[in-house]
Each structure stands twice: as C-alpha cells, then as structure tokens.
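[1] How does the following fold in three dimensions:
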Amino acid sequence: MFAFYKVAIACPSIKLFNPEYNANEIYKLILEAEEKKARIIIFPELCLTGSTCLDLFKQKNLISEVRKNFDALRENLTDKNIMYVIGMPLEIKNNLFNCAVICYGKNILGVIPKINLSDTDKRYFSAGKKNFATQINNSEWDSFFFGDLIFEMNDRFLIKVNFDLDFCHFADINLNLASKPIYLDENFDELIIKSACIKNNNACAYINSGYGESTTNFVFNGTGFIFEQEKKLTQTKKYLLESQLVYEDIDFDKINFKKQKREFIFEPNYFIKITLPELNEVDITRKFDKNPFLKLVEQKNFLREILLIQQNAIITRFKKSESKKIIIGISGGIDSTLSLINAIFVFDRLKISHKNILGVNMPGFGTSDITFDNAKFLSESFDITYKIISIKDICEKHFKDIDHDINNLNVTFENAQVRERTQILFDLANDLDGIVLGTGDLSEIATGFTTYNGDNISNYNPNANLPKSLIRELVNFIIEEKYFSDKTNACLKKILATPISPELLPNDQNKNISQQTEKILGPYELIDFFIFYLLKHGFTRQKIIFMAERTFENYSREKIEFYFDEFYKRFIKQQFKRSCSNDSPQIFSFGLSPRNSFLMPSDI
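    The predicted structure follows:
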C-alpha cells in the first residue's frame with residue numbers, strides 16, 4: 001500500500017568452499033526476511049562459495065556443488081513471496097562467470113554476470129557485456145535471461161542489479177552486491193553510493209562480504225546500507241562474527257515522483273517484468289520525522305545556513321534598491337521577530353547603525369499586553385528606531401465611512417486592520433526611502449491565512465519559504481547560540497511560549513488572547529507535515545494521512561483527516577493570494593512562489 005516495499009540486505013557468516021553450509025545460512029536469512037514482510041533481499045557477491053576461494057574456483061567439483069545446493073535452496077523457497085539476489089560462480093557455455101542470480105520462489109528471473117572485473121577476477125572469470133543479454137536454454141534449468149538485465153516491478157518501478165559501485169542512473173533502486181576488502185584510507189563506498197542516490201533521485205541497497213572470507217591478505221567487514229535519495233534508512237553492523245539481516249521500507253512513490261519525465265533507452269530482450277506485492281498498512285514499520293523540514297541535513301549547520309541565506313537575500317535587495325532604511329511591522333509574534341533579528345544581523349554585517357531599522361508597533365482591537373510588551377522590549381534591546389502607531393481610531397473612522405458596524409466582528413473587521421497596517425508601513429517606507437520587510441511564513445501562505453493586499457504584500461519577504469515550525473526552531477537556535485543578552489533571550493523565550501494569533505479580534509474578559517490560529521487552522525506541526533509531503537513529493541491524501549497517523553500518536557485518524565481536509569480546501573481556494581506573492585528567497589527545492597516553484601490556476 002502507498003508504494004512502500006520492504007527491502008532487506010543480508011550478510012551471512014560463511015564457510016569458505018562450503019556451498020552447502022552457506023546455502024543453509026542464506027536460507028535462514030531469507031525465511032527471516034520474508035517473515036518480516038521483506039519483498040526484496042540481496043546477499044554479497046559470491047556468497048554461496050566465498051569470494052576468496054582463489055584458484056579453487058577452477059575446481060569443477062565446487063561449481064557442481066554450487067548448482068546442486070542452489071537448486072535445493074530454490075526448491076525449499078518454492079512458496080515464498082520474496083525476490084532474492086544471490087552471488088555465486090556459474091558456468092555457462094563453458095565460461096565461468098561471477099554472477100548475481102535473481103529469483104522469486106523457485107523461479108529464476110535472470111542471471112547477471114559481473115562486467116567490470118578486477119585483475120584477480122580475470123584470473124578465474126569471464127566478463128559480462130554491457131547492454132547485452134540473451135536467453136539461455138539449459139538442460140538442468142529452465143531457460144533464463146542472462147546478461148545486463150533491468151527489472152520492471154509492477155509496471156511502475158525499475159530495478160537494476162549491479163556489482164560493487166556500478167550504478168544505473170534511471171533505475172528507481174539499485175541493488176549492489178560487493179565483496180571488497182576494507183582499506184581505511186580508501187573507504188568511500190558509502191559516500192559514493194549516497195552521492196549517486198542524491199544525484200539520480202533513487203535508492204540503493206548495498207551489501208559487502210563479511211565474516212568467513214579468507215584473511216590471508218584482507219579483511220571483509222560486512223558493510224551494508226540502504227539509501228533512499230539523501231537519507232540512509234538503515235545499515236549493518238561492521239565486523240560481526242554471525243550472520244545479520246537489516247531491512248527498511250523504501251518509499252518508491254517518493255523516488256518515482258522525480259522520475260516521471262525520465263528518459264532512457266533499453267532493448268526489449270533485457271527488460272524483464274516482475275510482480276511484487278506492496279506492503280499492507282500493518283506491515284509498514286518505517287518511522288517518519290515529525291518535522292521533515294529539519295531532517296533534510298545536519299541540524300545546527302542547516303539552521304545557521306538558513307539564516308545566512310535570508311541575510312544575503314535581504315542585503316542584496318537592500319543594496320540594489322539603494323534603500324536607506326528597513327521598515328518592519330513589529331507585532332511581538334514569532335514571524336516578525338525573526339525578520340527583525342535578520343535585519344539586525346544584516347546591518348551588523350553592513351556596519352550600519354540599528355537606528356536605520358524602523359520597527360512599527362501598530363496596536364489594534366486584539367493586541368494583547370504580552371505581545372505589545374515583547375515588541376517594545378525587543379525594539380529597545382536592539383536599539384532600533386521604534387514607533388507606536390495605534391490603528392484603532394483610523395479603523396473606527398473607516399468603518400463609519402463604509403457603514404460597517406464595529407460590533408460586527410467579521411472578516412471586514414479583521415482585514416481592515418491588516419490593510420491599514422500595510423498602508424502605514426508602505427507610506428513610511430516611501431517617506432524614509434526604505435523598504436518594507438515582510439514577515440509572513442510558508443504555513444500562512446499555504447493555508448491562505450493572510451489578508452489579500454494586506455500582510456501578503458511587502459517589498460521583500462525573507463520568511464516566505466519557511467514553515468512556522470521551522471521558524472520556531474530558528475528562534476530557538478538563536479537563543480541556544482546566545483547571539484544576544486540573557487534578557488533578550490528571555491524575551492525570545494516568552495515569544496516562543498505565546499499562542500500564535502493574528503490578534504485581530506478583541507481579547508477575552510481576562511485580557512487573554514481570544515483568537516488562536518491553531519484553533520482555526522489546526523496544529524502547525526500537522527500543517528507543516530502536510531505541506532512537506534504534498535509539495536516535495538506529491539503524495540496522495542490517503543498516504544499523507546497514513547504517515548501522519550503513524551507519526552503523531554496524540555491525534556486520532558479522524559482528527560488528522562479533518563485537519564488535512566481543512567488544510568487542503570484552504571490550499572486550493574487561496575491560490576489567488578499566492579499568485580501575486582512578493583519576492584522571497586527560495587530555501588528548499590520546493591515552495592509556493594508563483595514564479596519558480598508552484599504553478600496553479602487561481603479559479604479551481
């Protein structure tokens with residue numbers, strides 16, 4: 001279900017020159033993998049004999065024993081629903097090949113000979129040919145395809161079996177068998193595979209030989225790992241003396257999403273169709289990150305670089321526009337706080353006085369004491385120019401002008417305040433030869449929780465591609481790094497603890513914030529989770545809800561479905577606001593800019 005397939009890598013503890021013992025170890029690992037609902041399992045190169053047999057590979061008795069024990073293994077696996085890939089020497093048409101044999105149940109799907117042989121390999125084995133395949137008719141086995149094969153799984157996904165570090169760029173997953181000794185000064189296999197998976201947007205399962213190989217000259221450490229694009233899903237433990245099996249669910253939808261327009265050329269004779277059942281919900285054991293934005297790369301450097309991206313973007317816009325000042329609406333909320341902090345960093349880097357930053361606090365009908373005080377304290381702490389301009393009187397006059405009852409707390413009541421603030425900021429920017437720095441974030445933009453021709457307008461918005469949950473992490477990071485004084489950090493902690501609100505409706509009788517955004521839209525941790533998997537991977541409603549249910553145990557499935565449907569309805573209907581979004585720096589490979597990230601009609 002949802003295109004998850006469990007893939008396993010196994011490193012058997014072998015006995016050199018003993019196919020019977022090795023086949024039994026392999027059999028036990030396949031049974032364990034199938035019990036765990038793995039659909040694919042791969043073993044190291046030449047694992048049925050050991051790769052360090054050297055001139056013993058020339059013994060006819062060994063090759064005969066390989067076939068005998070492999071046939072017994074296949075017979076024992078007749079009713080097993082798992083594709084297995086085993087490395088072994090095979091004699092075909094009087095030539096000995098180092099092969100990967102791919103089977104399902106007892107059926108041989110194909111045999112792939114190693115193409116790029118080492119000098120040692122060439123002593124014993126013939127080389128396969130790239131982009132060549134043929135059908136072998138054998139008296140001992142049924143006919144099978146032999147050569148440089150490609151497997152198409154379920155008419156959707158491509159599988160390529162390789163040796164060592166060979167890699168197929170257009171495959172959805174590469175299955176790599178290896179038997180390489182460890183050299184500590186040249187131990188780059190994991191880095192090479194990871195780089196290839198990132199470059200080609202695919203997955204790779206890699207397994208190397210381990211205990212049981214000869215140590216006459218080398219040691220084999222049983223290295224194995226499974227990558228899905230940039231993410232390492234699992235890995236083996238090195239230098240174990242016993243057999244080991246690790247597995248993880250690979251999301252083929254995630255991989256295939258970026259390969260919808262792939263182009264490749266193949267010959268029909270080495271393109272083999274196979275059918276593997278998807279995992280049921282109960283068999284999917286993979287865990288998902290609560291904040292997937294944070295897990296893209298290493299955290300602290302990641303957050304630091306986001307701040308530098310924002311700052312360089314602001315510097316470029318500030319200098320190119322030949323502005324003298326930056327104007328920011330300071331609400332005491334988390335978004336305007338991050339914009340203000342970045343403006344401080346920018347002016348420090350440009351060696352410009354903080355007095356050239358104008359922070360404008362514009363209290364309205366819903367402004368609370370805590371946000372007002374936080375805005376005032378931050379402005380004074382950063383030594384910026386600070387103005388307080390109440391919008392109550394002018395909004396009351398405006399309501400009279402348009403015959404709006406001030407007691408009618410509808411969308412007109414709310415949006416009039418937002419647009420008045422926007423007008424003040426732009427008029428000040430014109431008067432002071434400055435630019436208005438925006439504050440709205442990706443979560444608000446995705447849900448359309450902005451006012452058209454109001455807070456969705458600025459000269460430049462450094463936050464537009466950051467979700468609310470990530471902005472919280474950035475402010476928390478700034479606190480932990482102690483960029484500012486203890487008192488300032490204490491104020492930032494207060495801001496993080498304050499309920500998120502546009503503060504457009506009057507406070508309750510106890511002067512507490514009555515309008516809380518997450519009670520209107522739903523929890524931001526869910527909204528940002530939805531945004532990530534919808535925009536980056538294009539997942540379906542059902543898949544995102546399933547993943548969220550597995551990730552957030554504090555929400556029922558019904559609640560998650562409700563929040564997703566509300567989010568998606570707003571996401572579709574509010575595109576008209578995004579169609580006129582102002583400029584902003586893109587942080588990730590996806591976003592909602594109508595110019596370079598997400599194109600969508602406004603009238604669906």
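
[2] Contacts made by stretch 542-553 with the rest, please.
    1-2, 253, 281, 284, 287-290, 525-526, 529-530, 533-534, 539, 555, 557, 560-561, 564 (C-beta atoms under 8 Å, 6 or more residues apart in numbering). The way it works is simple: take the backbone N, C-alpha and C, and place the C-beta from them, glycine included.

[3] May I see the buried residues of it?
    For stretch 542-553, the neighbour count (16 or more other C-beta atoms under 10 Å) marks 543, 544, 545, 546, 547, 548, 549, 551, 552 as buried.

[4] next structured bit after the strand or helix carrying the fifth one?
    Taking DSSP states H and E as the definition, residue 547 sits inside helix 541-551. Once helix 541-551 ends, the next helix or strand along the chain (criterion: DSSP H and E) is helix 557-573.

[5] So for that next one, mean pLDDT?
    Mean pLDDT, computed over helix 557-573, is 98.

[6] Give me the packing partners of it, helices and strands only.
    helix 442-447, helix 517-521, helix 524-535, helix 541-551 (3 or more C-beta pairs under 8 Å, 6 or more residues apart in numbering; DSSP states H and E).

[7] Try it again at 6 Å.
    Applying 3 or more C-beta pairs under 6 Å, 6 or more residues apart in numbering; DSSP states H and E, we find helix 557-573 packed against helix 524-535, helix 541-551.

[8] do you know which of those lies nearest residue 368?
    helix 524-535 (19.3 Å; C-beta to C-beta).

[9] what does that closest one contact?
    Helix 524-535 is contacted by residues 292, 443, 446, 467-469, 539, 544, 548, 563-564, 567, 590 when judged by C-beta atoms under 6 Å, 6 or more residues apart in numbering.

[10] rerun that using 7 Å as the cut-off
    Residues outside helix 524-535 that contact it (C-beta atoms under 7 Å, 6 or more residues apart in numbering) are 290-293, 442-443, 446-447, 467-469, 518, 521, 539, 544, 547-548, 551-552, 555, 560, 563-564, 567, 590, 598.

[11] Quick check: buried residues in that helix?
    Buried positions in helix 524-535, judged by neighbour count with 16+ other C-beta under 10 Å: 524, 525, 526, 527, 528, 529, 530, 531, 532, 533, 534, 535.

[12] rewinding a little: could you dump the helices and strands packed on helix 557-573 into a markdown table and include mean pLDDT?
    Listed next are these as a markdown table, based on pLDDT from 0 to 100:
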| stretch | mean pLDDT |
| --- | --- |
| helix 524-535 | 97 |
| helix 541-551 | 97 |
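
[13] mind giving me TSV with the ones you listed and columns for distance to residue 103?
    Below are the helices and strands packed on helix 557-573 laid out as TSV (distance: least, C-beta to C-beta, whole Å):
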stretch	distance to residue 103
helix 524-535	35
helix 541-551	31
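
[14] For residue 325, which of the ones you listed is the nearest?
    Residue 325 lies closest, by C-beta to C-beta, to one member of those: helix 524-535, at 31.9 Å.

[15] Next, the angle helix 541-551 makes with the closest one.
    Put simply, helix 524-535 runs at 140 degrees to helix 541-551, going by axes from the mean of the first three to the mean of the last three C-alpha atoms, to 10 degrees.

[16] Can I get helix 524-535 as CSV, trimmed to CA atoms?
    C-alpha atoms of helix 524-535 as CSV (Å, rounded to 0.1, in the frame of the first residue of the first chain):
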residue,chain,number,x,y,z
TYR,A,524,1.1,23.8,12.8
GLU,A,525,3.0,20.6,13.3
LEU,A,526,0.4,18.8,11.2
ILE,A,527,0.0,21.6,8.7
ASP,A,528,3.8,21.7,8.0
PHE,A,529,3.9,17.9,7.8
PHE,A,530,1.2,18.1,5.1
ILE,A,531,2.9,20.9,3.3
PHE,A,532,6.2,19.0,3.1
TYR,A,533,4.9,15.8,1.6
LEU,A,534,2.4,17.5,-0.6
LEU,A,535,4.8,19.9,-2.2
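
[17] Now list the buried members of the contacts of stretch 542-553.
    Those of the contacts of stretch 542-553 that meet the buried threshold are 2, 253, 284, 525-526, 529-530, 533-534, 539, 555, 560-561, 564, by 16+ other C-beta under 10 Å.

[18] all strands of the stretch 301-450 of the chain, in order?
    Secondary structure of the stretch 301-450 of the chain by DSSP state E, counting those that start in this stretch: the strands cover 325-329, 357-361, 385-388, 434-436.

[19] So what touches the shortest one?
    If you take C-beta under 7 Å, 6+ apart as the criterion, strand 434-436 is touched by 317-318, 321, 323-327, 358, 425-426, 429, 458-460.
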